[in-house]
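> got a sequence here, can you model it:
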Amino acid sequence: MNLTHVHLLITHLPIFGSILGGIVLAHGLWAKSNPTKMAAYILFIISSIGAGIAYLTGEAAEEAVEHIQGVAEGMIEQHEDFALISLIALIILGFSSIVGAFFILKQSSVVRNVAWVILFISLISFGLIARTGYLGGLIRHTEVDPSNINTIQGGEEEEGEDEDD
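You can find the predicted model right below:
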């Protein structure tokens, strides 16, 4: 296993971790359950660490694909630029989660308000990291890009496709 493989594996963690953590946190707010909020914060912290690892292994992944025919250098740069923004958002989410966990442990009166702020940050973070993942997928997965659909299908429409309309 090399750094490119690690990059491809770990990139899914911040995507799924941020949305799953958001769902768990929303449930914790609804149920007024501090242990559930704490579970969400742990998910966010793990997701933040995963985003850091994904970002650090991104350069090796770039080196592995930049010379492959059909890989657009501009797409790699776009993915890399968006990855930095996403990393910053997830670092903020991770640190906010540490603060939220601290307030839970101290049984502070601001636990609920802090949880709402963290939920908002998690939704923004998820949107950013999901977009980053999409852009990364476009680097090698042409089936993800709707403008490539004719290329994938060989430029031919299937017979009977218009008959059902």
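
> give me the below-cutoff pLDDT ranges for this structure.
Along the chain, the model assigns pLDDT under 70 to residues 141-165.

> tell me where it has helices.
Along the chain, counting by DSSP state H, helices occupy 3-10, 12-31, 34-65, 73-105, 111-140, 149-152.

> the first one vs helix 111-140, what angle?
So the one you mean is helix 3-10. Here the directions of helix 3-10 and helix 111-140 differ by 130 degrees (axes from the mean of the first three to the mean of the last three CA atoms, to 10 degrees).

> make sure residue 87 is actually in contact with residue 50.
No - between residue 87 and residue 50 there is no contact under CB atoms under 8 Å: 10.5 Å. The C-beta positions use only the backbone N, C-alpha and C, and glycine is treated the same way.

> who touches stretch 89-96?
Contact partners of stretch 89-96, identified using CB atoms under 8 Å, 6 or more residues apart in numbering, comprise 14, 18, 44-45, 47-49, 51-52, 114, 117-118, 121-122, 124-125, 128-129.

> any of the residues you listed buried? List them.
14, 18, 44-45, 47-49, 51-52, 114, 118, 121-122, 125, 128-129 (16 or more other CB atoms under 10 Å).

> which residues touch residue 82?
Contacts of residue 82 by CB under 8 Å, 6+ apart are 128, 131-132, 135.

> swap the cut-off to 10 Å and go again
Applying CB atoms under 10 Å, 6 or more residues apart in numbering, we find residue 82 in contact with 128-129, 131-136.

> now the buried members of these.
128-129, 131-133, 135-136.

> if we only consider the residues you listed, which is nearest to residue 60?
Of all the buried ones among the contacts of residue 82, residue 136 has the smallest distance to residue 60: 13.6 Å, by CB to CB.
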